[in-house]
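Enquirer: Got a sequence here, can you build the structure:
(chains A and B)
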Amino acid sequence: MVAKEMVALLLAGGQGSRLGVLTTTIAKPAVSYGGKYRIIDFPLSNCVNSDIDTVGVFTQYQPLELNTHIGIGKPWDLDRVNGGVTILSPYLKADEGEWFKGTANAVCQNIHYVDKINPEYVIILSGDHIYKMDYSRMLDFHKQNNADATISVLKVPLEDASRFGIMNADENNKIYEFEEKPKNPKSDLASMGVYIFTWPVLREYLLRDDKNPDSDNDFGKNIIPMMLGEGRSMYAYAFEGYWKDVGTIQAYWESNMDLIERVPEFNLFDRDWRIYTSNPVKPAHYIAPSGSAKKSIIAEGCLVYGTVRNSILFPGVVVEEGAVIQDSIIMSNTRIGRNVEIYKSILSEDVQVGHEAKIGIGEDVVNEDKPHIYDSGITVIGDHAVIPNHTEIGKNVVVEQFVTTSDFTSKVVPSGKSVIKGGVENE
Amino acid sequence: MNNVMGIIVTGGRNERMMELSSKRSVAAIPVGGKYRAIDFVLSNMVNSGINKVGVVTQYSFRSLMDHLGSGKEWDLDRRKDGLFLFPPYLAGDNTGWYKGSADGMYNNISFLRRSNEEYVLISTGNCVYKTQYHDLLAFHKEKDADITMMYRDCYDFADEDMQNLGVVEIGEDGRVLDIQEKPLFPKSKNANMAVYLLKRTFLISLLQESASHAQYDFVTDILIKKLAELKVFAYEYKGYWKPMNSISMFYGCNMELLNPEISSELFLKDGRVFTKVKDETPAKYNEEAEVNNALIADGCIIEGTVINSVLFRGVVVRKGALIKDSIVMQDSVIEEGANLERVILDKEVHVTQGKMLKGEATYPMIVSKNSVI
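Expert: This next block holds a predicted model:
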């Protein structure tokens, strides 16, 4: 094998539980984004655009969609003889077998994967974030400082800093303190969950951490504080640009909506930094004489006979005549019937909305069953759900996956209610 | 249909396609927002289960080769079988130029000899239609034909369009009685679709025989001459079919794709149409966009008005620009206030602020690649 300077390890095992029904059966990195992508396309494309051609992807939670999406890495040119993409999932060993306990544990359990490649550096990435970043420049920074670890940081408003892991660094960007979600943050440099480590150093720490039964085996909670405590040379690399953790329904919706601005802060039209994804093989989309689209993003294969405003349509969406879609995200192959009205909602893949239905209307009442998830006024419809004709659905409503017309007990679903499959809550 | 192999003869230039084919083979002509003409027949073959396809290229084949690549998008990057490209070459008694469709195949006869499929499906690469060839094969076997060709009753074509086609005269039993190539006075509206099915070994013997008589064209030198002695049958195809052999056909075809019935026949029935992937982001509509009856591909940014038109990938339409009854190919930019009516813009054309371009329905204005107006 040709020597690799740096290998990327992409942590894609998270559930993203605050995305509610969007992540019931798929891992957060596989959630659709921006009209044709999935969240993991961003770190994966960043890798290939940064000349990293060896990527290990750690999966754990509901990996089917994710594994299918990544396949052998063709869309990212990661189907390589030397290197390429490797899916690393938890596995059984001779005497035991266990799930990944934490992010560091995931890497530790697959230490032989990295050993076999024997790189000088590893970059740890998360499959949860939307951003474009040239990791090769971060590596240059790491080498210049002769660092053991470099942590990519983003300036956040000081009032938000208590939600992040905060790095306190000196004027040379050398980190002297790390605080996880501090009550009184001393700096506004938030960790983005992107770390470069000198591999032999990290390797040693992983093994030591693994022996500690009290450890959560997590990079942020354990490895980085331990290295810092032992005076390792650690630097903060300042990233400037768009970076979003789309971890909640509201953040997810807002980040998608950022894209429809006239000059979006996050530009997907950049030909020097393309974002790659698997190809849906659909024709150009069609706007009919009765159709109209403004301030929206529309993907291939859509047929638009209705009105689309401030919305994002993924490939193969059909909007029938008289339908109005506003401030909404409609995922692949969903069909919107005649004269339907949809306001500020997220509809997953393969949903069918019956004629004359209304979604996202009425007063803003927080969801009764899951108030911590559905509280931003956005109604979310799970994939393959079928909404009967003439149904009226309020705000902060969740409709579960695969719900059929018989699961609707009335024509009106008031704000804050849930529609569940088979009338039984499957928690 | 894994006992059938495909050969696409992309033929050559076509003067009636004017500027559009001056730098590209007609088979590489862009159609329908993101495709090239050859995508249709190639996808038809793949969707029929044909795993081995040879493409014989002739004039200006660079763009075609670039488009087909390793055949990855058609799932033809195979270890066994897959896509084979045959540009003209110089060797021994070879002139480095194919003198006709039969000559193109004859020069690559070793591809036919090395194969073991029972049948060969020969097709041109410039026709837009969607089908699977199973019924054609069944018909061929049932008739015990030597050669079966596909035809379409082009009742919906103008007489002058028939003059650019082969016209087939068919007997009651389905036998082909006569073929007129590009006739001044077409005897009927049964057009030769230039799709032929025959046994591989039989094709080899036909090609050898014609080469030994210094004859080079499959239709005029083989098919027409042998109509009396061979059992040549005609199989009727009833779907949508358009050959890209004149500007009016090309323009008409793109405009017809705006009819959802036709586009669903082409894109949703009998499998998908595959093409080279460009990784463009989905199209973006800004506040001022007015779009009515249009096909819009990925990567477009629209802030102007687009009516009855086809926009290929990466087209930018600025505020106040109007595009009507037009075809705008990849990466063209139409600046503020420009006005296009019945215009075909080839790739990467830049129409600057406030320019007015206007063609006629029967003669759309063509702007060649990379022009700045």
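Enquirer: make it CA atoms for all contacts and neighbour counts henceforth
Expert: Noted.
Enquirer: Confirm that B:Thr141 sits in a helix.
Expert: Heads up, residue B:141 is Lys, not Thr. Yes. Under DSSP: H, G, I helix; E, B strand; the rest coil, B:Lys141 sits within a helix.
Enquirer: what number of residues lie near it?
Expert: 13 (other C-alpha atoms under 10 Å in any protein chain shown).
Enquirer: do the same with B:Ala138
Expert: B:Ala138: 11 neighbours (other C-alpha under 10 Å).
Enquirer: Just list the residues touching the residue of the stretch 301-427 of chain A found nearest chain B, thanks.
Expert: As assessed by C-alpha to the nearest C-alpha, chain B sits closest to A:Phe314 within the stretch 301-427 of chain A, at 8.3 Å. Counting by C-alpha atoms under 8 Å, 6 or more residues apart in numbering or on different chains, A:Phe314 makes contact with A:Gly34, A:Gly35, A:Lys36, A:Ile298, A:Ala299, A:Glu300, A:Cys302, A:Ile330, A:Met331, A:Ser332, A:Asn333.
Enquirer: For A:Val57, what is the enclosing helix or strand?
Expert: For A:Val57, the element it lies in under DSSP states H and E is strand A:54-58.
Enquirer: So A:Arg137, which state does it fall into?
Expert: helix.
Enquirer: Equivalent analysis for the one 10 residues further on, please.
Expert: Put simply, A:Ala147 is coil when judged by three-state DSSP.
Enquirer: mind listing what it touches?
Expert: A:Phe197, A:Thr198, A:Ser233, A:Met234, A:Tyr235.
Enquirer: top of the residues you listed by neighbour count?
Expert: Busiest of the contacts of A:Ala147 [other C-alpha under 10 Å] is A:Tyr235, holding 28 neighbours.
Enquirer: List the beta-bridge partners for it.
Expert: Bridge pairing for A:Tyr235 (DSSP bridges) gives the partners A:Thr150, A:Lys174.
Enquirer: and it, how far is that from chain B?
Expert: 35 Å (C-alpha to the nearest C-alpha, to the nearest Å).
Enquirer: How about the residue of the stretch 101-250 of chain B found nearest chain A: what's its closest non-neighbour residue?
Expert: Across the stretch 101-250 of chain B, no residue is closer to chain A than B:Lys130, which sits at 13.5 Å (C-alpha to the nearest C-alpha). Once flanking residues are discounted, B:Lys130 sits nearest to B:Leu266: 5.3 Å by C-alpha to C-alpha, 6 or more residues apart in numbering or on different chains.
Enquirer: Doesn't the one you found belong to a helix?
Expert: Yes. According to three-state DSSP, B:Leu266 belongs to a helix.
Enquirer: Enumerate every residue touching it.
Expert: B:Leu266 touches B:Tyr129, B:Lys130, B:Tyr240, B:Val273, counting by C-alpha under 8 Å, 6+ apart.
Enquirer: Please flag which of the residues you listed sit within strands.
Expert: If you go by DSSP state E, the contacts of B:Leu266 have B:Tyr129 in strands.
Enquirer: Can I get the contacts of B:Leu266 in CSV including pLDDT and neighbour count?
Expert: Formatted as CSV, these follow (pLDDT from 0 to 100; neighbours: other C-alpha atoms under 10 Å in any protein chain shown):
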residue, pLDDT, neighbour count
B:Tyr129, 94, 19
B:Lys130, 94, 24
B:Tyr240, 95, 16
B:Val273, 93, 24
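Enquirer: out of the contacts of B:Leu266, which one sits closest to B:Leu207?
Expert: B:Tyr129 (27.6 Å; C-alpha to C-alpha).
Enquirer: can you tell me how far the residue lying closest to the closest one once chain neighbours are set aside sits from B:Val168?
Expert: Setting aside the residues directly before and after it, B:Tyr129 is nearest to B:Trp241 in space (C-alpha to C-alpha, 6+ apart), at 4.7 Å. Counting by C-alpha to C-alpha, to the nearest Å, the gap from B:Trp241 to B:Val168 is 16 Å.
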